[in-house]
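In: quick one: sequence and predicted model below, then my questions.
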Amino acid sequence: MLNIQNLKKSYGSLTILKGISLEIKEGEFVSLLGASGSGKTTMLRCIAGLEKPDSDSGIISLGTKIFSDSKKFIPTEKRNLGMVFQNYAVWPHMTVFENVAYPLRLRKESNITSKVEDTLKLTGLAHLKERLPYQLSGGQQQRVALSRALVMSPQVLLLDEPLSNLDALLREELGSEIRKLQKKLKLTTILVTHDQKEALSLSDRIVLLENGMINALGTPEDLYQNPPTDFAAQFLAGGQKLDGTKNFLPRRWIVSQSGIYKVKIQSRLFLGSEYEYRAKSETLSDDIRFFSSEKLSEGSDVTLSYS
């Protein structure tokens, strides 16, 4: 179990993390989700040992091993954590094999060749082991970075927005493969992301951060279907405060004969498997946003009910 107690981090007078406490179970996939400046990357860097928490911060520990507290700070290289960054961070002058072997050589490990080859098979790069990074696509370079993190058999895998530099199809493909690998290896994994879809599709649990604090915590299904806070409703599910009332979640609106609002369709967007609509009601100042698989004409009148 990774245990974080009262984690605080400031830069001068600017406080980034305001006392975060969190327990992550062994083998769990947890996403740190939030907008820019919410503290998610700083939190990950504190776990990794790349940032030192404030002196009045609490404890970061993995099992019985304390990484940091008021008196102790273990450096990154002694934490046995694997980390993948947003910008690939592969050595341009080294082949795929040498990039992955590099941390093993630094530690003077034995059986380097077999460990690297086993890892490259796991990540689907065995046939590219003699290539240099410039001969690889962005997705392949990120697989190299992932392989380099996995070859050390880390206790925890830390992912700092590893998919954000890839196009949409590659993001989905590599994200799915990371999740499969994580389940296969039963590897405790923490992902930093600002992408709601990414967090919802990959995680066992989501930690939603706002202004350096945990705003909401739970499974993707619970947070999306029953968000516990206004911020969670808006950030995760696109909730709307219609005329200052409670948050209405756009996917709970249903086109029906006996609805609560008569509306006129203002706009329609085709999303592939469904349509996104904006509609105007005579009794509300705000447009209602909703989704439906039914193709409705702009300017048509329908009735909406809320489930």
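Out: Yep, that arrived.
In: quick check: pLDDT value at the residue nearest to Ala199 when sequence neighbours are not counted.
Out: If the residues on either side of it in the chain are set aside, Ala199 comes closest to Ser31, at 3.9 Å by Cβ to Cβ, 6 or more residues apart in numbering. (C-beta placed from N, C-alpha, C; glycine too.) Taken from the predicted model, the pLDDT recorded for Ser31 is 98.
In: give me the distance between Tyr224 and Leu33.
Out: When Cβ to Cβ, to the nearest Å is the yardstick, Tyr224 and Leu33 sit 11 Å from each other.
In: those two: who's more crowded?
Out: Set side by side, Tyr224 and Leu33 show unequal neighbour counts under other Cβ atoms under 10 Å, the larger going to Leu33 at 28 against 19.
In: identify the residues contacting stretch 92-103?
Out: With Cβ atoms under 8 Å, 6 or more residues apart in numbering as the contact definition, stretch 92-103 has outside contacts at 90-91, 112-113, 116, 119-120, 125, 128-134, 136, 144, 147-148, 151-152.
In: please redo it, this time with the cut-off set to 10 Å
Out: Applying Cβ atoms under 10 Å, 6 or more residues apart in numbering, the set of residues contacting stretch 92-103 from outside is 77, 82, 89-91, 105, 109, 112-113, 115-117, 119-120, 123, 125-136, 140-141, 143-152.
In: before we move on, what about stretch 272-284?
Out: Outside of stretch 272-284, the residues within contact range by Cβ under 10 Å, 6+ apart are 238, 240, 242-243, 245, 250-251, 253, 255, 260-270, 286-296, 298, 300-302, 304.
In: and what of stretch 105-112?
Out: When contacts are taken as Cβ under 10 Å, 6+ apart, the neighbours of stretch 105-112 outside the stretch itself are Glu77, Phe97, Glu98, Val100, Ala101, Tyr102, Pro103, Leu104, Lys115, Asp118, Val151, Met152.
In: tally of neighbours for Glu298?
Out: Glu298 sits with 12 neighbouring residues when counted by other Cβ under 10 Å.
In: that one and Arg278, how far apart?
Out: Here the distance between Glu298 and Arg278 works out to 10 Å (Cβ to Cβ).
In: so what sits against both of those two?
Out: Common neighbours of Glu298 and Arg278, using Cβ under 10 Å, 6+ apart, are Ile265, Gln266, Ser267, Arg268.
In: show me what contacts the spatially most central residue of the chain?
Out: Closest to where the C-alpha atoms of the chain average out (Cα atoms, centre = their mean) is Thr193, at 3.5 Å. The neighbourhood of Thr193, defined by Cβ under 10 Å, 6+ apart, consists of 31-34, 40, 159-164, 175, 199, 202-203, 206.
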